[in-house]
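Peer 1: Predicted coordinates and the sequence they were generated for:
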Amino acid sequence: MTARDARAHAADAAARLLPDLSLDQLEDDLVRLARDTGAKPPHLIFMSAKELLGVARVQLDRTQALSQRGRLYRVAGEASALLAACAFDLGAMP
């Protein structure tokens, strides 16, 4: 009985971890988006940042690892900052 409980607990804990590759991809997408800010129109950056924020929020619900949650919160914060900058640029356009 104890071995089954331990196995179930280990399987549950493993299911609450995200692959590091998906977190790396999110961070790379954020860097690419930040670099494209001056070259692309603000509405395109806004839509991409909104999508990136949504992905980060969904993945936050899927992990319980503190290191992964920290990385996801950083991505979400930086995506929100890009959204704010783009919203300002869109409002300041003639």
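Peer 2: Thanks, I have it.
Peer 1: okay, now Gly38: neighbour count?
Peer 2: Other residues near Gly38 number 7, with proximity taken as other Cβ atoms under 10 Å. The way it works is simple: take the backbone N, C-alpha and C, and place the C-beta from them, glycine included.
Peer 1: and it, how far is that from Ala3?
Peer 2: Per Cβ to Cβ, to the nearest Å, Gly38 is found 58 Å from Ala3.
Peer 1: try Glu27
Peer 2: Using Cβ to Cβ, we find Glu27 at a distance of 38 Å from Ala3.
Peer 1: And these two? Which one has more around it.
Peer 2: Between Glu27 and Ala3, Glu27 has the larger neighbour count (other Cβ under 10 Å), namely 15 against 7.
Peer 1: So the more buried one sits against Gly70, correct?
Peer 2: No. Using Cβ atoms under 8 Å as the test, Glu27 is too far from Gly70 to be in contact (11.9 Å).
Peer 1: in stretch 69-87, what's buried?
Peer 2: For stretch 69-87, a neighbour-count test (16 or more other Cβ atoms under 10 Å) marks Arg71, Leu72, Val75, Ala76, Glu78, Ala79, Leu82, Leu83, Ala85, Cys86 as buried.
Peer 1: do the same with stretch 50-62
Peer 2: Neighbour-count burial for stretch 50-62 flags Leu52, Leu53, Val55, Ala56, Gln59 (criterion: 16+ other Cβ under 10 Å).
Peer 1: can I get the residues you listed in TSV with secondary structure and distance to Leu21?
Peer 2: Below are these laid out as TSV (DSSP: H, G, I helix; E, B strand; the rest coil; distance: Cβ to Cβ, whole Å):
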residue	secondary structure	distance to Leu21
Leu52	helix	16
Leu53	helix	20
Val55	helix	14
Ala56	helix	15
Gln59	helix	12
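Peer 1: for these, which one is nearest Leu23?
Peer 2: Leu23 has its nearest neighbour among the buried residues of stretch 50-62 in Gln59, at 7.8 Å by Cβ to Cβ.
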